[in-house]
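>>> Pasting the sequence and the predicted model now:
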Amino acid sequence: MKRIINILLLGCICICFAAQRPGATFLLIPPTARATGMAYAFAAIADDASANYYNAAGLAFLESPSITASYFTYLTGLHPDMRYFYLGAAYPLMKSAWGVDVTYFTLGTYHLVDVWGNYIGDRIPWRLAVRLNYSRRVIKKISLGIGWKFIHTQDVSEWVWDAPYLSDIGFDRGGTGSSWAFDFNLLYKILPNLFIGSVLDNIGPDIKYTQSGASDPLPWLFRPGIAYIPVNKKYVDVIISAELTKVLIGMFADEEKTFWEQVKYEYDEAWKGIGLEVTIYRLLCLRGGYFYDSEGARDGFTFGGGVHFKGFAFDIGIDEDIFEFETQNRKISLSYTF
């Protein structure tokens, strides 16, 4: 276990870039309602098909095949037509499991204009990620996972769009772009009621855009988390989780700071979330969380709930209060365990 931790820490140090701006930032949007209600602190839980996104190492601990699907409109305060779709499936074996998921994100309809300002039509830019995961329990309490994903973005030339809000969410490159990436995952069930998880996501080459010739690094991501189950009874289950999320692009770029000052700065800038889930009679779930991102000016509470019945789960997650502008962000997920 000590060797695994050392490898992860060394990897985090080695993959730090000089100051850059990541592309394909749609990969950072948490897709499911359950995790959203818990302030996205799900890497150490990962106990359903959404583990494909949050921590694929959790797939090897599943007992039955499962699927999950999510849909929501995203940040309607910026644009009313941005939409997100997610579908994940998991198939466990004896000590291992396979998983696959698909993410589709559209930025909505916007107006095309030529260089003289004449309207020439509408266009819907979109993003797609398709991922294949494999997870295996190396010992009874520890599972490792690896995933490979294909990433594609579809835009148009940067001189034909008329939507200033798009630059705020990474849409300022012309043409289409593609790349691929690996994900590396760890889940350690230290005790029956205490878990830790660690995720290293989106490790791959820059995404390059055909129209403009520009390229951006992928949003390399490190997410350690912990989960604790203080109550596990027939009539009530309680899970408390916490997670830190760090985008590794641009770390340690301020040469005027000492090493430890930069370490403190990077920790302060990391996203932090803490979540709570209470399940009553394995039927009704209530969730809440608190999320803090000082750099992105996101700070506030998340809420959610769900109903589970005979393998089906219907969940709602709300995180609109963490944004500093008026918006709606309400996620709906439907899952089934066979």
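Sure thing, it's come through.
>>> any weak-confidence spans in this structure?
Screening the chain residue by residue with the criterion pLDDT under 70, one finds the ranges 1-21, 114-115, 156-175, 211-212.
>>> hmm, try it at 90
Residues of the chain that meet the criterion pLDDT under 90 lie in 1-24, 76-81, 107-125, 154-177, 208-216, 234, 249-266, 294-297, 328.
>>> residue at max distance from the center of it?
Among residues of the chain, the one most distant from the C-alpha centroid is residue 116; the distance is 39.8 Å, by CA atoms, centre = their mean.
>>> Three-state assignment for that residue, please.
Following DSSP: H, G, I helix; E, B strand; the rest coil, the label given to residue 116 is coil.
>>> Please report how far it lies from residue 177.
Remark: distance between residue 116 and residue 177 (CB to CB, to the nearest Å) = 27 Å. Placement of C-beta: from N, CA and C, glycine included.
>>> Which parts of the stretch 1-150 of the chain are helices?
Along the stretch 1-150 of the chain, the segments classed as helices by DSSP state H, counting those that start in this stretch run 2-14, 33-37, 51-54.
>>> packing partners for the shortest one?
Under the contact criterion of 3 or more CB pairs under 8 Å, 6 or more residues apart in numbering; DSSP states H and E, the helices and strands touching helix 51-54 comprise strand 83-92, strand 96-106, strand 126-139.
>>> again, 7 Å this time
Contact here means 3 or more CB pairs under 7 Å, 6 or more residues apart in numbering; DSSP states H and E; on that basis helix 51-54 packs against strand 83-92, strand 96-106.
>>> now the angle from the last one to strand 83-92?
Using axes from the mean of the first three to the mean of the last three CA atoms, to 10 degrees, the interaxial angle of strand 96-106 with respect to strand 83-92 works out to 170 degrees.
>>> Show residues contacting strand 96-106.
26, 29, 31, 51-53, 56, 59-60, 62, 82-91, 124, 126-136 (CB atoms under 7 Å, 6 or more residues apart in numbering).
>>> in that strand, what counts as buried?
Counting neighbours by 16 or more other CB atoms under 10 Å, one finds that the buried residues in strand 96-106 are 97, 98, 99, 100, 101, 102, 103, 104, 105, 106.
>>> Now the last one: closest residue in space, sequence neighbours ignored.
Counting by CB to CB, 6 or more residues apart in numbering, residue 126 is the residue found nearest to residue 106 once chain neighbours are left out, at 4.4 Å.
>>> What's the separation between the one you found and residue 279?
Distance check for residue 126 against residue 279: by CB to CB, it reads 36 Å.
>>> of the two, who's got more company?
The residue with more neighbours, out of residue 126 and residue 279 and counting by other CB atoms under 10 Å, is residue 279; that gives 19 against 16.
>>> Could you list which residues are in contact with that one?
For residue 279, the contact set (CB under 7 Å, 6+ apart) comprises 236, 237, 285.
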